[in-house]
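**Q** sequence-free structure coming up:
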Ligand SMILES: NC(=O)c1ccc[n+]([C@@H]2O[C@H](COP(=O)([O-])OP(=O)(O)OC[C@H]3O[C@@H](n4cnc5c(N)ncnc54)[C@H](O)[C@@H]3O)[C@@H](O)[C@H]2O)c1
Ligand SMILES: O=C(O)[C@H](O)COP(=O)(O)O
């Protein structure tokens with residue numbers, strides 16, 4: 001039975017789902033050295049933001065097939081390292097959207113009305129109403145940075161409270177922003193004109209310290225900033241300074257550059273100008289159930305050999321689309337494997353042509369499948385859907401993709417042409433009855449054969465006796481022929497022969513075949 005390590009607190013409902021197919025060990029709060037020690041025995045790792053999954057942990061996880069992040073942000077996972085090792089990384093893109101958006105709104109209101117301090121004050125026996133006079137958000141301008149899932153929900157809620165909305169998101173269209181009632185502006189303008197700024201973008205190289213001393217200096221002295229996105233987007237030292245010097249009126253922070261927040265962080269010393277919560281954006285009962293189910297189901301599926309629906313490091317394979325594409329993925333993988341062997345293993349160039357109906361489908365998964373097949377001789381089980389693209393790139397394989405919907409011999413077919421150490425070869429394949437794979441063309445010779453484990457291909461002169469000679473040679477080496485096909489373009493011209501064999505070709509037989517008069521080339525293939 002596979003083993004799954006759960007290293008952060010996850011709702012029981014998720015653990016129950018994984019337990020259907022695996023042994024689940026919950027060990028939270030492990031130091032990194034301990035994790036490196038125990039990870040080799042696990043097939044899957046399930047985390048939240050509390051575990052930093054470093055390159056070292058990933059490299060030690062030699063059995064790992066999947067890392068499941070029960071939440072949105074995967075910045076605590078070294079995704080490139082996981083990709084290189086063929087480990088799929090999944091998350092729950094929507095499970096905590098509402099929770100995080102509501103937390104941002106709650107922070108904005110709490111900050112405006114001094115709720116945390118007023119609460120502490122009353123509980124400590126005081127009744128001080130003057131000290132806690134707040135401000136209204138109605139008719140104020142909210143600048144939303146990052147108008148994705150959470151930013152959009154914040155926009156709807158803020159609009160309902162009568163706020164004016166500005167948004168900055170370099171990847172969102174004007175139309176989408178307008179639909180949400182936001183005026184799409186540049187970041188400088190948003191920073192200058194907003195009464196509240198709420199951050200909802202990922203932490204990336206571009207967004208790291210995007211809100212720095214310079215940006216804070218441009219904000220209104222009455223403005224307040226809310227960060228429920230990611231620590232590191234705001235420069236915490238600069239923020240503390242800006243608050244201390246009354247450059248801005250307040251800040252509400254849920255996420256920090258280092259978590260847990262350092263004891264001596266200057267943010268802890270700013271009284272009621274700042275509200276700090278310990279990364280609670282996703283901490284609602286509902287969100288924790290959602291993300292646990294979402295990610296546990298993906299871990300279960302991947303351990304059962306099924307695809308994951310929200311993988312962050314493989315092309316989006318959505319279950320419905322995948323169900324239809326699945327036979328084509330198998331076809332692409334088979335043809336990739338076949339053509340790589342025809343060209344001698346090392347491939348420099350691959351042209352993938354999607355033909356017929358296939359030309360109108362999502363090509364990304366098909367291309368990845370072809371690359372997986374292409375590299376499978378060299379990398380064996382080390383190559384998979386996660387790392388095929390990166391491995392191909394690193395080997396300098398140039399890939400081009402073309403489409404031709406006008407080819408209609410079969411509903412959909414796939415043509416691969418590769419250039420490698422033994423020259424250039426092409427193969428075409430299609431599906432029979434939408435399921436069964438047929439190789440329909442080799443080097444422009446029409447054939448129709450099902451791929452089998454052991455195959456022999458010859459390029460020869462179409463002349464009497466040649467097929468018999470090959471058959472006798474195979475017989476004399478005790479190799480049984482399962483099926484045989486010949487394809488030619490013109491009578492007594494060049495021809496190909498494809499033999500499906502029950503046994504692998506013994507050493508020395510290929511060179512004997514090459515000696516037969518009329519044989520120009522011969523290749524063995526093991527699929
Ligand atoms: N505090 C929490 O507990 C909590 C909970 C959930 C999510 N989050 C975080 O909230 C953030 C948003 O999550 P989401 O689910 O809405 O993600 P999302 O992918 O739906 O939206 C992110 C948006 O940011 C935009 N963006 C990217 N780069 C940008 C840039 N340089 N400037 C401005 N916008 C940029 C993207 O175009 C996208 O629209 C993420 O950082 C996520 O990790 C925090
Ligand atoms: O990216 C996320 O989903 C949030 O930051 C939530 O993190 P958490 O799972 O540790 O609460």
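**A** Here it is on my side, so go on. The structure presented is a predicted model; accordingly, all values stated were derived computationally and were not measured. Ligands and ions are numbered 1, 2, ... in the order given.
**Q** three-state assignment of the one residue in the stretch 351-500 of the chain that gets nearest to ligand 2?
**A** Here the stretch 351-500 of the chain gets closest to ligand 2 at one residue, residue 386, 21.1 Å apart by C-beta to the nearest ligand atom. In this view, the C-beta of every residue, glycine as well, is placed from N, C-alpha and C. Local secondary structure at residue 386 is given as coil here, using DSSP: H, G, I helix; E, B strand; the rest coil.
**Q** Tell me how many other residues surround it.
**A** 24 (other C-beta atoms under 10 Å).
**Q** So it is in contact with residue 88, correct?
**A** Yes: contact status for residue 386 versus residue 88: in contact at 5.1 Å, counting by C-beta atoms under 8 Å.
**Q** Touching both of these two, which residues are there?
**A** 82, 311, 313-314 (C-beta atoms under 8 Å, 6 or more residues apart in numbering).
**Q** and the residue of the stretch 351-500 of the chain closest to ligand 2, what is it in contact with?
**A** Residues near residue 386 by C-beta under 8 Å, 6+ apart: 82-83, 86-88, 311, 313-314.
**Q** Show me the two of the residues you listed that sit farthest apart.
**A** Spanning the widest gap among those are 86 and 311, at 11.9 Å by C-beta to C-beta.
**Q** related to what we said a few turns ago, could you point out which of the shared contacts of residue 386 and residue 88 is nearest to residue 72?
**A** residue 311 (14.0 Å).
**Q** So what does the closest one look like in phi/psi?
**A** phi -80, psi 140 (degrees, to the nearest 10).
**Q** so what's it up against?
**A** 88-90, 298, 317, 386.
**Q** ok, now residue 214?
**A** Contacts of residue 214 by C-beta under 8 Å, 6+ apart: none found.
**Q** Now which of the shared contacts of residue 386 and residue 88 would you call buried?
**A** 82, 311, 313-314 (16 or more other C-beta atoms under 10 Å).
**Q** same for the helix or strand hosting residue 413, what does it pack against?
**A** Per DSSP states H and E, residue 413 falls inside strand 412-420. Here strand 412-420 touches helix 319-342, strand 347-356, helix 364-379, strand 423-432, going by 3 or more C-beta pairs under 8 Å, 6 or more residues apart in numbering; DSSP states H and E.
**Q** if we go to 6 Å?
**A** Strand 412-420 is packed against helix 319-342, strand 347-356, strand 423-432, with contacts defined by 3 or more C-beta pairs under 6 Å, 6 or more residues apart in numbering; DSSP states H and E.
**Q** Provide the strand pairings for the second one, with the direction of each partner.
**A** Which is strand 347-356. Strand 347-356 pairs in its sheet with strand 398-404 (parallel), strand 412-420 (antiparallel), by DSSP bridges.
**Q** From the rest of the structure, what touches that strand?
**A** Contacts to strand 347-356, defined as C-beta atoms under 6 Å, 6 or more residues apart in numbering, come from residues 340, 363, 367, 370, 374, 397-404, 407-408, 411-413, 415-420.
**Q** Would you write out the PyMOL command that picks the buried residues out of these?
**A** Here is the PyMOL command that selects only those of the contacts of strand 347-356 that count as buried (16+ other C-beta under 10 Å):
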select buried, resi 340+363+367+370+374+397+399+403+407+412+413+415+416+417+418+419+420
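**Q** Read off the pLDDT value for residue 408.
**A** Looking at residue 408, its pLDDT is 74.
**Q** and if you look at residue 281?
**A** At residue 281, pLDDT is 98.
**Q** roughly how far apart are the residue nearest to it when sequence neighbours are not counted and ligand 2?
**A** Leaving aside its sequence neighbours, residue 281 sits nearest to residue 100 (C-beta to C-beta, 6 or more residues apart in numbering; 4.0 Å). For residue 100, the distance to ligand 2 equals 7 Å [C-beta to the nearest ligand atom, to the nearest Å].
**Q** residues touching residue 100, list them.
**A** 150, 228, 281-282.
**Q** Can you narrow these down to the ones near ligand 1?
**A** Intersecting those with the contacts of ligand 1 gives 150, 228, 281-282 (criterion: C-beta under 6 Å from any ligand atom).
**Q** Just the residues you listed: which are in helices?
**A** Among those, DSSP state H puts residue 150 in helices.
**Q** List the residues that contact residue 287.
**A** Residue 287 neighbours (C-beta under 6 Å, 6+ apart): 95-96, 99.
**Q** From what I see, residue 460 and residue 519 are in contact.
**A** Yes: Residue 460 lies in contact with residue 519 (C-beta atoms under 6 Å); the separation is 4.7 Å.
**Q** Show me which of these two is the more surrounded one.
**A** Set residue 460 next to residue 519 and count neighbours by other C-beta under 10 Å: residue 460 wins out with 23 against 17.
**Q** So the more buried one belongs to a strand, correct?
**A** Yes: Residue 460 forms part of a strand when assessed by three-state DSSP.
**Q** Against residue 510, how distant is it?
**A** Taking C-beta to C-beta, to the nearest Å as the measure, residue 460 falls 14 Å from residue 510.
**Q** Got the confidence number for the residue of the stretch 101-250 of the chain found nearest ligand 1?
**A** When distances are taken as C-beta to the nearest ligand atom, the stretch 101-250 of the chain reaches nearest to ligand 1 at residue 148, 1.8 Å away. With respect to pLDDT, residue 148 has a value of 93.
**Q** Quick one: end-to-end length of stretch 131-139, please.
**A** End-to-end distance of stretch 131-139 (C-alpha to C-alpha, to the nearest Å): 24 Å.
**Q** residues contacting whatever residue of the chain ends up closest to ligand 2?
**A** The minimum distance from the chain to ligand 2, using C-beta to the nearest ligand atom, falls at residue 71 (2.6 Å). Contacts for residue 71 (C-beta under 6 Å, 6+ apart) come out as 48, 96, 282, 291.
**Q** Tally up the residues packed near residue 124, please.
**A** Residue 124: 7 surrounding residues under other C-beta under 10 Å.
**Q** hmm, back to that, can you tell which of the helices and strands packed on strand 412-420 is closest to ligand 1?
**A** Here helix 319-342 is closest among these (C-beta to the nearest ligand atom), at 20.5 Å.
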